[in-house]
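Trainee: the sequence isn't on hand, but the structure is:
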């Protein structure tokens with residue numbers, strides 16, 4: 001397994017500090033492996049193994065740990081009696097009811113350095129945030145980037161050949177153990193999808209109409225990157241003779257975002273600097289799941305490329321929104337440290353009409369921050385201050401926006 005340097009480099013400055021490190025992300029996206037790599041760093045730094053307590057609550061031997069009292073007793077039983085700092089690496093803590101109280105108590109009972117993971121984007125929205133306000137930092141973990149995908153792939157292919165594989169299969173880390181075989185990879189993705197839906201969505205929200213939930217998810221996956229609202233989805237189902245309340249659709253979409261299956265991207269009015277609560281877009285955290293709705297790999301390729309770029313920007317730590325300016329749309333406004341970068345994404349720009357459509361919104365932005373057009377065109381140019389770059393090269397050039 002490759003070392004996930006992107007995340008370790010971000011986590012490293014907070015190690016040994018009295019701040020809880022919280023790793024959230026889609027199930028099977030690599031959080032457990034990342035905890036193992038953090039453990040390796042601690043051992044390499046000279047931390048005695050007896051001072052490291054590792055518990056994976058997905059393990060069958062911990063399935064009886066259901067509440068905070070049981071969780072606390074378990075940790076105290078495994079915690080070393082040695083003096084000095086104790087390191088707690090606790091995986092999938094959301095499986096325990098009231099886990100927040102246990103985590104807060106560790107900060108009192110030990111000289112602790114705490115690392116936790118969870119497959120829920122709102123892991124910090126409850127009691128933990130109240131107990132330790134200002135004493136935690138969150139890192140969202142995504143499936144493999146294109147760069148990581150190449151690192152674990154068999155050698156000998158061109159960049160574009162690797163990109164074609166990545167575009168079709170996605171970046172779930174386990175796929176490299178399957179040699180990226182399309183059939184077995186799809187079977188594995190189906191298993192992960194079912195696990196996310198049953199454990200992280202149906203189970204957590206106690207959803208009874210599983211068939212409707214699956215249909216809502218399929219609708220979003222088939223229309224990834226298109227603007228729509230919960231109301232428009234409900235209207236679609238009505239046209240299919242299925243009466244669905246808008247509130248139900250909204251709850252299902254929220255549950256999918258919480259389970260890290262989808263990433264919700266809001267609209268921003270670039271003139272008024274307002275967030276618009278209409279026609280939000282949803283992107284798949286791993287675009288490989290789209291194959292499960294039997295979509296041909298070349299259908300809506302422009303939207304698939306949008307998905308790739310959106311997740312890459314989030315992976316690099318940007319806040320991402322859709323830009324609206326004078327009736328025009330900019331695909332992504334990526335902001336970090338208060339500095340925006342503007343992106344248009346297209347499959348190809350075959351003619352002047354397409355060129356003008358992509359360039360026009362960027363030219364309406366009057367600031368001097370970087371502006372990009374990302375496509376699969378073979379030639380990259382710079383014009384009127386706008387940089388035209390190929391998408392595979394953008395995905396591999398990981399240092400350009402740090």
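Mentor: Yep, it's here. Bear in mind the structure is a predicted one, so any value in this text is a computation, not a measurement. Residues are numbered from 1 along each chain as shown.

Trainee: any idea how far residue 238 is from residue 215?
Mentor: Computed as C-beta to C-beta, to the nearest Å, the residue 215 to residue 238 distance reads 13 Å. (C-beta placed from N, C-alpha, C; glycine too.)

Trainee: and the two? which has more neighbours close in?
Mentor: Between residue 215 and residue 238, counting by other C-beta atoms under 10 Å, residue 215 is the more crowded of the two (18 against 11).

Trainee: which SSE is that one in?
Mentor: helix 210-222 (DSSP states H and E).

Trainee: now do that helix: distance to the chain's middle.
Mentor: Remark: helix 210-222 is offset 19 Å from the chain centroid, using C-alpha atoms, centre = their mean, to the nearest Å.

Trainee: could you list the residues in contact with the helix or strand that it is followed by?
Mentor: Where DSSP H and E defines the elements, the next helix or strand beyond helix 210-222 is helix 230-239. Contact with helix 230-239 is made by 215-216, 219-220, 243-250, 253, as judged by C-beta atoms under 8 Å, 6 or more residues apart in numbering.

Trainee: which parts of stretch 364-375 are buried?
Mentor: Across stretch 364-375, burial judged by 16 or more other C-beta atoms under 10 Å covers 365, 370-375.

Trainee: among those residues, which ones are in strands?
Mentor: 371-375 (DSSP state E).

Trainee: not counting its neighbours along the chain, what's nearest residue 160?
Mentor: residue 392 (6.5 Å; C-beta to C-beta, 6 or more residues apart in numbering).

Trainee: should've said residue 369
Mentor: residue 340 (5.1 Å).

Trainee: what about that neighbour, neighbour count?
Mentor: 21.

Trainee: residues in contact with it?
Mentor: By C-beta under 8 Å, 6+ apart, the contact set of residue 340 is 333-334, 367, 369.

Trainee: swap in residue 288?
Mentor: Counting by C-beta under 8 Å, 6+ apart, residue 288 touches 168-172, 175, 185, 189.

Trainee: in CSV, list the contacts of residue 340 along with distance to residue 209, pLDDT and secondary structure.
Mentor: CSV is the format used below for the contacts of residue 340 (distance: C-beta to C-beta, whole Å; pLDDT from 0 to 100; DSSP: H, G, I helix; E, B strand; the rest coil):
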residue, distance to residue 209, pLDDT, secondary structure
333, 36, 97, strand
334, 37, 97, strand
367, 47, 92, coil
369, 45, 95, coil
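
Trainee: out of those residues, the closest to residue 110 would be?
Mentor: Using C-beta to C-beta, residue 334 comes nearest to residue 110 of the contacts of residue 340, at 39.3 Å.
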